[in-house]
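A.B. asks: Model the following, please.
(chains A and B)
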Number of protein chains: 2
Amino acid sequence: MRIILDAMGGDNAPHVPVLGAVQAVKEFGLSVLLVGQESVLKRELDKYSYPAGRIEIVNADDVVTMEDQPSDVVKKKKGSSIHVGAKLLKEGEGDAFVSAGNTGAVMAVSLFTLGRIKGVDRPAISAILPNLKAQTFLLDVGANVDCKPIHLLQFAIMGEAYARYVLKEENPRVGLLSIGEEDTKGNELTKEAFKLLKKAKEKGLNFIGNAEGRDIYTGDFDVIVCDGFVGNVCLKLSESVAKILAKILKEEIEKHFISRIGAVTLIPAIKGFKKRIDYAEWGGAPLLGVKKPVIIAHGSSNAKAMKNAIRVGAEFADTHVVEHIEENIQKYGKINGD
Amino acid sequence: MRIILDAMGGDNAPHVPVLGAVQAVKEFGLSVLLVGQESVLKRELDKYSYPAGRIEIVNADDVVTMEDQPSDVVKKKKGSSIHVGAKLLKEGEGDAFVSAGNTGAVMAVSLFTLGRIKGVDRPAISAILPNLKAQTFLLDVGANVDCKPIHLLQFAIMGEAYARYVLKEENPRVGLLSIGEEDTKGNELTKEAFKLLKKAKEKGLNFIGNAEGRDIYTGDFDVIVCDGFVGNVCLKLSESVAKILAKILKEEIEKHFISRIGAVTLIPAIKGFKKRIDYAEWGGAPLLGVKKPVIIAHGSSNAKAMKNAIRVGAEFADTHVVEHIEENIQKYGKINGD
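C.D. replies: Numbering: from 1, shown residues only, chains lettered A, B, ... in the order given. Next comes the predicted model:
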């Protein structure tokens, strides 16, 4: 298994991707192709020891910034680590491509270079969110801000395959994000999507109905689909609620002397808490709908998150999710003539 | 000042509304008209002492449940406490109407009985959410699941007036919920709404641009507008993230003996924390766009929340927000021929 890694992507590149790659080859016994400015990467890589020959560098001169417009990157930065990485993946030089770079650019270049899975109209960006029991696989979280009902059905099929094969959920429960449990609740988009999902259920998809905002965290659903506008708002809101609650609690602890003393004893609990909600444990989220495995990691990933993103990329490739999606789209995703 | 209170609305009616009314007349020096089944309310009211003549009962035989469909309530339950309460408000028997009953029914009956403010196409349900600095006024959170750009402009004008006059924000900063700060980010709805809000800004509305999911809690915006689908998902998600983080933290504290001991010292901090995020402190949220002040309280309101909802109803009436909205819709809300 060889993972192609965008070594120039993310807030702390190339330091973090290179360190993550070193840790990954040691821990998981795979190989990594580092893509980026050769001299910079060589200097960085020389700091570490790792099993000989398991990390190689492929040069890419252009660097994509977080400010670059995805469409400009596709057209104008053909020498970027994102382009070169996606091209290597297409040509079979590696099994999966991992990047913590500009999300829009990674998506656009991957789509352009690798192409869509047959039967998928729109690739989706996903997010893996910890819930009370395990994790919720939420998609789309930003690739498609205006969706048609059929897109939500396709997201459901793709998310179900990922949850089943990579997240090892036995029979993933799929939900449609809406504003009430009843079939009739929702907006125009979700009411129509509900009908399509119900038909797919008759063919075997484990669609269990509407999910509400609260269900993203209850653990009652394994996969939740929504349009990319709603998903993106949910994702950013969740990150912020957690941060702000922690801040308010900290302010209150500091107001009370006795709480300040007692807070010290909470350190082990808080460590356990952080581990459970830490995105670094999850590594990265798959871009679903393109013809090869691509993992998009958080821009602020640390080395541990990069290491885990590489692991997730390997699992994505190893479990043949792309092929499963291709099959399931044929099985559940046809809405005409059935 | 006399507030009309739906004494049959909410999970713990009539006990909670009656107790909330007793506390409100004592604390705020106003009067309350309790609307509901007379014999039941009389028995409940007899348990308390309060300034003579400051609480009266108006009979309403029908009771609306949380399961009733709003449209059925409008047509079939004309003897309900919601209908009678709204009618009393229309006839000037009180200054504001407060209900913790079925939200959809309160909205539908209020709209039917009181009518829309001229220039407002769709009334909106709001939510007042605590942020790091003060509070964020979010609307719509469920009345209108499919919106046109003009509706979001109207929500902005209504929210701004409420934040300015009732929440006492000096020059409320208005934001449009989207998925990026830049003007060009968003879906079809928000991109068009952005243009309308920018025009209103030229006329004096303090529109400061797109807000993201995280901004609901940062305190960088006083008013945030969105369609009712997105707003409802955000509201339910927020409630749930807070609950689930608390639960995970508690589980972790219980795992570690030393943390269990230390947690006791946190009680004062946790009390302060709860007070800051407790919806009961806010009381209730206004229904904006109808011709008279209506406050919708949380179905699970306790007596303190009901008392505060009554106070908020009085402030809503006292500050003449309805008239301010009427003026501002003329000033900022016209999009043709300007």
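A.B. asks: From one end of stretch A:110-121 to the other, what's the distance?
C.D. replies: One end of stretch A:110-121 sits 15 Å from the other (C-alpha to C-alpha, to the nearest Å).
A.B. asks: again, but for stretch A:58-76
C.D. replies: In terms of C-alpha to C-alpha, the two terminal residues of stretch A:58-76 are separated by 20 Å.
A.B. asks: do stretch A:78-98 as well
C.D. replies: Stretch A:78-98 has its terminal residues 18 Å apart, counting by C-alpha to C-alpha.
A.B. asks: What mean pLDDT does it get?
C.D. replies: Average pLDDT, stretch A:78-98: 97.
A.B. asks: How far away from the center of its chain is that stretch?
C.D. replies: 18 Å (C-alpha atoms, centre = their mean, to the nearest Å).
A.B. asks: The longest helix along chain A near chain B anywhere?
C.D. replies: The helix that spans the most residues within chain A, counting by DSSP state H, is helix A:228-255. Yes. Judged by C-beta under 8 Å from any C-beta of the partner chain, helix A:228-255 and chain B are in contact via A:228-230, A:232-242, A:244-245, A:247-249, A:252-253, A:255. To be clear about C-beta, it is placed using only N, CA and C from the backbone, and glycine gets the same treatment.
A.B. asks: Emit the ChimeraX select command for whichever of those are buried.
C.D. replies: Selection of the buried residues among these in ChimeraX, burial being defined by 16 or more other C-beta atoms under 10 Å in any protein chain shown:
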select /A:228,229,230,232,233,234,235,236,237,238,239,240,241,242,244,245,248,249,252,253
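A.B. asks: can you list the residues of the stretch 1-150 of chain A near chain B?
C.D. replies: Residues of the stretch 1-150 of chain A found near chain B, taking C-beta under 8 Å from any C-beta as the criterion, are A:131-132, A:142, A:145-146.
A.B. asks: which stretches of chain A form strands?
C.D. replies: For chain A, applying DSSP state E gives strands covering A:2-6, A:31-36, A:55-59, A:96-99, A:124-130, A:135-139, A:174-177, A:207-211, A:223-225, A:284-288, A:294-297.
A.B. asks: would TSV of the ones you listed with mean neighbour count be doable?
C.D. replies: What follows is the strands of chain A, written out as TSV (neighbours: other C-beta atoms under 10 Å in any protein chain shown):
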stretch	mean neighbour count
strand A:2-6	28
strand A:31-36	26
strand A:55-59	18
strand A:96-99	33
strand A:124-130	24
strand A:135-139	26
strand A:174-177	27
strand A:207-211	22
strand A:223-225	31
strand A:284-288	27
strand A:294-297	29
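A.B. asks: Among these, which comes closest to residue B:156?
C.D. replies: Judged by C-beta to C-beta, the one of these that comes nearest to residue B:156 is strand A:174-177, at 25.0 Å.
A.B. asks: Next one: that closest one, is it in contact with chain B?
C.D. replies: Yes. Strand A:174-177 is in contact with chain B by C-beta under 8 Å from any C-beta, via residue A:177.
A.B. asks: contacts for that strand?
C.D. replies: Contact with strand A:174-177 is made by A:152, A:156, A:159-160, A:186, A:190, A:193-194, A:197, A:205-213, A:215-216, A:220-226, A:230-231, A:234, B:233, as judged by C-beta atoms under 8 Å, 6 or more residues apart in numbering or on different chains.
A.B. asks: you'd agree residue A:293 is up against residue A:90?
C.D. replies: No. With contact defined as C-beta atoms under 8 Å, residue A:293 does not reach residue A:90; the gap is 11.8 Å.
A.B. asks: neighbour-wise, which of those two wins?
C.D. replies: Ranked by neighbour count (other C-beta atoms under 10 Å in any protein chain shown), residue A:293 and residue A:90 place residue A:293 first, with 29 against 17.
A.B. asks: List the residues that contact the more buried one.
C.D. replies: Taking C-beta under 8 Å, 6+ apart as the test, what residue A:293 contacts is A:89, A:95-97, A:286, A:313, A:316-317, A:321-322.
A.B. asks: Please apply the same query to residue A:81.
C.D. replies: A:6-9, A:35-36, A:60, A:62-64, A:99, A:101.
A.B. asks: Can you pull the domain assignment for chain A?
C.D. replies: Domain assignment for chain A by the TED database gives A:1-120+A:289-321+A:332-337, A:124-281.
A.B. asks: Please name the nearest non-neighbouring residue to the residue nearest the centre of chain A.
C.D. replies: Residue closest to the mean C-alpha point of chain A, counted by C-alpha atoms, centre = their mean, is residue A:285 at 1.3 Å. Excluding its sequence neighbours, the residue lying closest to residue A:285 (C-beta to C-beta, 6 or more residues apart in numbering or on different chains) is residue A:126, at 4.6 Å.
A.B. asks: Distance of that neighbour relative to chain B?
C.D. replies: As judged by C-beta to the nearest C-beta, to the nearest Å, residue A:126 and chain B stand 16 Å apart.
A.B. asks: got it, and residue A:309?
C.D. replies: As judged by C-beta to the nearest C-beta, residue A:309 and chain B stand 23 Å apart.
A.B. asks: Burial check on that residue, number of neighbours?
C.D. replies: 30.
A.B. asks: Which per-residue confidence value corresponds to residue A:158?
C.D. replies: The confidence metric pLDDT takes the value 98 at residue A:158.
A.B. asks: Show me where the stretch 201-338 of chain A dips below the pLDDT cut-off.
C.D. replies: Flagging of the stretch 201-338 of chain A using pLDDT under 70 yields the residue ranges A:257-259, A:262, A:268-281, A:335-338.
A.B. asks: can you give me the helices in chain A?
C.D. replies: Counting by DSSP H, chain A has helices at residues A:15-28, A:38-45, A:70-76, A:81-90, A:103-114, A:149-165, A:188-202, A:215-218, A:228-255, A:257-263, A:267-277, A:279-282, A:303-318, A:321-332.
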